[in-house]
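Asks: Here is a sequence together with a model predicted from it:
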Number of protein chains: 2
Amino acid sequence: MSDPAASDEFVSRFLSPSGRERAQRVVRELSEWLGSRLSVNETVREQHGHGEASLRTYSPDAVVWPETTEEVSRIVKTCAAHEVPVIAFGAGTSLEGHVSAPYGGICLDLSRMNQVLQVREADADCVVQPGVTREQLNNYLRDTGLFFPVDPGANASIGGMASTRASGTTTIRYGAMTRNVLALQVVLADGRVVRVGTRAAKSSTGYDLVRLFIGAEGTLGIITEITLRLYGIPETMSAATCVFPDLPGAVDTVVEIIQSGVSVARMEFVDEYQLRASNKYSQLSMPEQPTLFLEFHGTSDALAPQIEQAEAIARSHGGAAFQWATEQSERARLWKARHSAYFAARAFRPGADCLIADVCVPISQLAEAVAAARRDVDAAGLLALIVGHVGDGNFHVMFLLDPAVPDERRRADEVYDAMIDRALHVGGTCTGEHGIGIGKRAKLVQEYGSEVIDLMRSIKTAWDPAGIMNPGKIFVPR
Amino acid sequence: MSDPAASDEFVSRFLSPSGRERAQRVVRELSEWLGSRLSVNETVREQHGHGEASLRTYSPDAVVWPETTEEVSRIVKTCAAHEVPVIAFGAGTSLEGHVSAPYGGICLDLSRMNQVLQVREADADCVVQPGVTREQLNNYLRDTGLFFPVDPGANASIGGMASTRASGTTTIRYGAMTRNVLALQVVLADGRVVRVGTRAAKSSTGYDLVRLFIGAEGTLGIITEITLRLYGIPETMSAATCVFPDLPGAVDTVVEIIQSGVSVARMEFVDEYQLRASNKYSQLSMPEQPTLFLEFHGTSDALAPQIEQAEAIARSHGGAAFQWATEQSERARLWKARHSAYFAARAFRPGADCLIADVCVPISQLAEAVAAARRDVDAAGLLALIVGHVGDGNFHVMFLLDPAVPDERRRADEVYDAMIDRALHVGGTCTGEHGIGIGKRAKLVQEYGSEVIDLMRSIKTAWDPAGIMNPGKIFVPR
């Protein structure tokens, strides 16, 4: 159950016989208090130590289900008193091992903290507990005429999305979590509860601690309340698709649409392999060619000229079969291949392991980055589908790997390493939206160098000297 | 030359005879190397210790003009070796004493580091040195079809704008510096040079150190290179003005425009007193009533319906005399009263001291916040003009104070204190965009509580144990 890269001292602090004994003491103490809201069931612990990562599972010693900030605080205080790790768990949809427990400890499943606490329509903001999921929030908001736009695909929890700095299909228009979190309530490593941020649209009040907690992956504290920026549901939403003979035409279209000032709400790329999978999965008959999926939000008067302009740009780059729709069911039909991409991919090779790669590059480098990934996938004899939030320069390669052929995973890792090498070489990043977790710690060092990682580590050490908050994530503990 | 609030130990570190002697040694050492690029001239030092703050001036021991990152690094290393303070100076337009030197030390005037190092048109980004000013950058970019939108009013330096988390008139459309800085090169307190951020549009790589340096006011490092996000110059820009019988009508218009999804690029409020000043200063004949100044960016096809919708919303809230213009000189004429507001205010009471208040509140609270400020100003028998970036809930009261009547300043401070009390009470912030500096340290504690300030302080201590980077700013040193 150990993290091979950490220092002996750190490993021993939690995994030595005395560390294990302290953890068991905390389990007993919490169990007396929480009763059935604590589980040591092996299946439950494994599921909570895994998420959706294609990485090794490290189970926590116990899973607890707190229901209030005060309970989270008390649990963390108990763990702090005995130097036992604390891991927050939202919807378990993370892909890089954020929820795993390589040093054991207590997993706080926040799914019962799922109340929308307040919606202020006049200010277009709301306050939610961390276990509220994205879809739950938007269902709740429906009657207000407001919505929360950040859409990472999975029905993730808002707390998890904040902690991993999630983004997704609408980032080009509405921004990532970075832009849409106004304030946070956080339980610190010693159990104290603090609030950072305000409800004002902007603020210049010293260090931006809101942005520091966003993306900290639970290593600096546990988020227990989130104040979010909301948006008016657009009067009109129009969806469009356009097929290209090749990748560069699609990407050049994206670049020119951005430069032209046409306001797109979503701009997604799906490659010919993914379309084949989607056609099969959803009984569609879309051309199996590189395809852009666009969505426009606004007033109907304003949208029509923008869609026309986007179509003209697409045509000038070889785009064809431009289709668009405004009515809800027609939009859903047009976008079906994109919305069902993940499930179509899984179904395309039943029983396969799925490794989802995530890099983000400057937009001028996107066509070559995607093309090179495709060349490497093919050269390695692997099956992989490519989708991308191309307006942000962000794309994913979904490798479908035969678990009976371990060499497939080794080859996929090589292809992925090369993708990251190339992304960093052109000024991009090793992760656009999936985060570091355990899986990408070495890549983070590659991207920034050890001096910058030491700056991060020194914040962690100052705020959590015993290292109990989600240990082993983002950087290797010392 | 002392900061009365700091701990004796901290004051003594820099201001004791031995501290003063170390500073003089550094001045001699740097002088031998930099020659005429170091000044101990009293006027020069005073000007650099002042900025545009209405606060006491604290002069540095010397001002130096580095020309490269390597020189900045060497200067900081020299200061670090002798525990002497380091203060970065951009254009000197800050309002809260960010550039003052209460502990003496070396002021690095970065105005010679004013090169635009790279513009990448396809990616709509650029790399600039910190001394590049906003207007210089936009002049440089003109032929590329790109522009940098953040506009705090003053022709500030980009380094200063990043360090104070500046925003301004276009924030509602393009965001503040928070959103528009992609990457930074920073010289740390020990002189090491690090890079944080990438050129990718987004990234989930652990702690968001870019956002941590933005707004850190030079207390964590000196920014020596900034990678900025640029935008295509809109095909069409239209300006509009609209006059209201009262403040609530104007503010309700703002709220409804935002909620309607009409995309405004600027949305500014100017009160009847400011219009009187502007009419006089610029020989205009605008109605001296609460007025909204709007600007729309986009394609001409898309703009017309949006402007019509904005006008309809304004009319429904009592707005009248709606005027709009697209041609450059007409736009300039329409917006003249807003663009010249600061100079008109200064000229309205020649010789007056100008205290510029800055608070930001949730938009639903804006009408009452502005009205209450006006009531207090009038009750205190003071002269003050009000302008606001109302789309963000941010407004400024410009107090024009007779320096011969010290009680005016006392009364203005009381009115300002009450403004901040009310802003915090309704979930707002004590500064929307001017920062903390020296002037608002107590307000920051009022806003967040001492526990959160201690979290900030612990980052500072971890990264700058001797406390040499712009000491005394954001929080009182210990």
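Replies: Received the coordinates, thanks.

Asks: so what's A:S204 up against?
Replies: Residues in contact with A:S204 (Cβ atoms under 8 Å, 6 or more residues apart in numbering or on different chains) are B:T164, B:R165, B:A166, B:S167, B:G215, B:T431, B:G432, B:E433, B:H434, B:G435, B:I436. C-beta coordinates here come from the backbone N, C-alpha and C atoms, glycine included.

Asks: Distance from the chain centre to stretch A:360-375, please.
Replies: Centre-to-centre, stretch A:360-375 and its host chain are 21 Å apart (Cα atoms, centre = their mean, to the nearest Å).

Asks: quick one: is that stretch near chain B?
Replies: Yes. Shown here: stretch A:360-375 in contact with chain B (Cβ under 8 Å from any Cβ of the partner chain) through A:C360, A:V361, A:P362, A:I363, A:S364.

Asks: pretty sure the last one contacts B:A122?
Replies: Read that as A:S364. Yes. Using Cβ atoms under 8 Å, A:S364 makes contact with B:A122 at a distance of 3.8 Å.

Asks: out of these two, which sits in the more crowded spot?
Replies: A:S364 (19 against 13; other Cβ atoms under 10 Å in any protein chain shown).

Asks: Give me the distance between the more buried one and B:V186.
Replies: Distance of A:S364 to B:V186, computed by Cβ to Cβ, to the nearest Å: 26 Å.

Asks: Equivalent analysis for A:L292, please.
Replies: Between A:L292 and B:V186 the computed distance is 38 Å (Cβ to Cβ).

Asks: got it, and A:Q289?
Replies: Separation of A:Q289 from B:V186 (Cβ to Cβ) stands at 45 Å.

Asks: Repeat that for A:T57.
Replies: 39 Å.

Asks: do the same with A:P290
Replies: Distance of A:P290 to B:V186, given as Cβ to Cβ: 40 Å.

Asks: Can you name the residues that contact A:L182?
Replies: Contacts of A:L182 (Cβ under 8 Å, 6+ apart): A:D125, A:G197, A:T198, A:R199, A:A200, A:A201, A:V210, A:T227, A:L228, A:R229.

Asks: A:I258: how many residues sit nearby?
Replies: A:I258 - counted by other Cβ under 10 Å - has 22 other residues nearby.

Asks: same deal with A:A6?
Replies: 22.

Asks: cool, the one 4 residues further on as well?
Replies: Residues within reach of A:F10, counting by other Cβ under 10 Å, total 18.

Asks: List the contacts of it.
Replies: A:Y103, A:G467, A:P471, A:P477, A:R478.

Asks: So, low pLDDT: which residues of chain A?
Replies: Along chain A, segments meeting pLDDT under 70 span A:1-4.

Asks: Just give me the longest helix of chain A.
Replies: helix A:406-425 (DSSP state H).

Asks: that older thread, and the residues of stretch A:360-375 next to chain B as a markdown table, adding secondary structure?
Replies: A markdown table is the format used below for the residues of stretch A:360-375 next to chain B (DSSP: H, G, I helix; E, B strand; the rest coil):
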| residue | secondary structure |
| --- | --- |
| A:C360 | strand |
| A:V361 | coil |
| A:P362 | coil |
| A:I363 | helix |
| A:S364 | helix |
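
Asks: Of the residues you listed, which is the nearest to B:L34?
Replies: Ranked by distance to B:L34 (Cβ to Cβ), these are led by A:P362 at 37.0 Å.

Asks: Surely A:R457 is within a strand?
Replies: No. Under three-state DSSP, A:R457 sits outside any strand and is assigned helix.
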